[in-house]
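>>> Give me coordinates for this.
(one chain, ligands or ions: 1)
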Amino acid sequence: MPLVKAYDEVENPRIERHLPNGHFAWRTDFIKRPEDKSVDTPMAFLAEGSANRVLRVHFHVVDQFQVMYNGSGSVGKHAVGPGAVHFSRAYTPYGPISYSDKGLGFITLRAHRDPGAQYLPESRSVLDNVANRTPWQITAFPDFDIVPGEHGVAMKALDGLQGHDGLAGFSVKMNAGAKAYAPDPFKGDGQYILVMKGAIVHEGKVRRDLAIIWVGRDEGPFELVAGPDGAEAIILNFPVPGGGIPDEAKPVAADADGELKTWQCILCAFVYDEAAGMPEEGIAPGTRWADVPETFGCPDCSAKKADFEMIEF
Ligand SMILES: [Fe+2]
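Below you'll find the model as predicted:
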């Protein structure tokens, strides 16, 4: 049975913690991790934090989606606001997460139990000792400017969040009362549906935003019925574990004569392509790695230049 939980159905929303560094954090568990550590279940919670908090670079031992919900900030060097989706493979460091002066709230979604964040640099040796570690991460953005068609439904894939291993993401916009099936999660490792705006009707009850639905991989396509004000939702399908970088996301060879190279962050798998450079960082296309300034930091996990190695795809 899919798990359906709306914000107003959460027993103890916004549990407050006063952090030693003077910041506040509020946690709202939609699907709570069982106390018994041997029980593996999905986990879904909204984590909000006070203005200007900085969450250090860290990783988790399971694949994870994070969806920004309120406030704003950045993950690594990527600016994020409501709706932005960050996906990270198990054992892929990311961050720091910097909260703006409005604070930041994000929804963390996992298909499996995770014991908690492991921070760098102190947990670096954990990464070095994982056999066949296949780090990968991406930040993707939903598009709610889509216009529902004659059946009152519009659905659009999120750029970059697609893989043969079941990874998939979609924006969905529905008019009041419209019905649609979410894409079947059978190829991957389960699915979350986030009702970000409006409501859906499930088992005769209106479930308002924020509502979170977990659909197991064998549970078939979930039927979405939009509430009286319509609905905007994000659908996220987990890939099967251990798949690494989707074929679709692998960079192509830099150039035909093989002169320009690609370099990869050994911590998180971010790729620097000499042919493409990083114009947004002031590094022109064609810039050799040797000419990239020593102050360069990985845009995804903040690793230093020394943590990059040459790779060939
Ligand atoms: Fe990195």
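
>>> doesn't Leu127 fall inside a helix?
Yes - the assignment for Leu127 is a helix, going by DSSP: H, G, I helix; E, B strand; the rest coil.

>>> so who does Pro13 touch?
Listed by CB atoms under 8 Å, 6 or more residues apart in numbering, the contact partners of Pro13 are 7, 28. All C-beta spots, glycine's among them, are computed from the backbone N, C-alpha and C.

>>> next one: Gly116
His60 are the contacts of Gly116 under CB under 8 Å, 6+ apart.

>>> Kindly state the pLDDT recorded for it?
In this model, Gly116 is scored at 94, pLDDT.

>>> Tell me the helices and strands packed up against the helix or strand of the chain with the lowest mean pLDDT.
Scoring the helices and strands of the chain by mean pLDDT, DSSP states H and E places strand 308-311 at the bottom, with a mean of 84. Counting contacts by 3 or more CB pairs under 8 Å, 6 or more residues apart in numbering; DSSP states H and E, strand 308-311 packs against strand 262-265.

>>> strands paired with the strand it packs on, and their directions?
Take DSSP bridges as the rule and strand 262-265 pairs in its sheet with strand 271-273 (antiparallel), strand 308-311 (antiparallel).

>>> and of these, who's closest to the ion?
For the strands paired with strand 262-265, the distance to the ion is smallest for strand 308-311, at 8.2 Å, taking CB to the ion.

>>> so how far is the closest one from its chain's centroid?
25 Å (CA atoms, centre = their mean, to the nearest Å).

>>> buried set for that strand?
Buried residues in strand 308-311, counted by 16 or more other CB atoms under 10 Å: Phe308.

>>> does it come close to the ion?
No - using CB under 5 Å from the ion, strand 308-311 stays clear of the ion, coming no nearer than 8.2 Å.

>>> now do stretch 126-137
No - using CB under 5 Å from the ion, stretch 126-137 stays clear of the ion, coming no nearer than 8.0 Å.

>>> in the stretch 151-300 of the chain, which ranges drop under the pLDDT threshold?
In the prediction, the stretch 151-300 of the chain carries residues with pLDDT under 70 at positions 248, 250-258.

>>> The ion contacts on that one?
The stretch 151-300 of the chain comes close to the ion at residues 265, 267-268, 270, 298, 300, as judged by CB under 5 Å from the ion.

>>> Filter those residues down to the buried ones, ChimeraX style.
Buried subset of these, written as a ChimeraX selection, criterion 16+ other CB under 10 Å:
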select :265,267,268,270,298,300
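
>>> Let me have the residues of the stretch 151-300 of the chain next to the ion in TSV, extended by secondary structure.
Output for those, formatted as TSV (three-state DSSP):
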residue	secondary structure
Cys265	strand
Leu267	coil
Cys268	coil
Phe270	coil
Cys298	coil
Asp300	coil
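
>>> Kindly indicate which of the residues of the stretch 151-300 of the chain next to the ion lies nearest Met155.
Asp300 (28.1 Å; CB to CB).

>>> wait, that closest one sits on Gly76?
Yes - using CB atoms under 8 Å, Asp300 makes contact with Gly76 at a distance of 4.5 Å.

>>> mind giving me the domain ranges of this protein?
3-140, 153-237, 251-311 (automatic domain parsing).

>>> and these, which is most packed in?
Mean neighbour count (mean count of other CB atoms under 10 Å) peaks for domain 153-237 among the domains of the chain, with a mean of 20.

>>> picking up where we left off before, want to throw the domains of the chain into CSV with distance to Gly244?
Output for these, formatted as CSV (distance: least, CB to CB, whole Å):
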stretch, distance to Gly244
domain 3-140, 3
domain 153-237, 8
domain 251-311, 8
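
>>> wait, which of the ones you listed is closest to Ile245?
domain 3-140 (4.5 Å).

>>> How far does that closest one sit from its chain's centre?
When distances are taken as CA atoms, centre = their mean, domain 3-140 is centred 9 Å away from the chain's centroid.

>>> Now do the end-to-end distance for that domain.
25 Å (CA to CA, to the nearest Å).

>>> Adjust the sequence numbering to begin at 373 for everything that follows.
Will do, 373 is the new start, and the previous item becomes domain 375-512.

>>> So out of everything in the stretch 423-572 of the chain, what residue is nearest the ion?
Residue of the stretch 423-572 of the chain nearest the ion, by CB to the ion: Pro465 (6.6 Å).

>>> and the closest residue to Asp590 other than its chain neighbours, what does it touch?
Distances taken as CB to CB, 6 or more residues apart in numbering place Phe558 nearest to Asp590, at 6.9 Å, with adjacent residues excluded. Applying CB under 8 Å, 6+ apart to Phe558 gives the contacts 589-590, 592.

>>> Can you tell me the SS state at Phe558?
When classified by three-state DSSP, Phe558 comes out as coil.

>>> Can you show me the strands along the stretch 423-572 of the chain?
Using DSSP state E, counting those that start in this stretch, the strands found in the stretch 423-572 of the chain span residues 426-427, 430-431, 436-447, 450-452, 457-460, 469-482, 490-491, 509-512, 525-534, 540-546, 551-553, 563-574.
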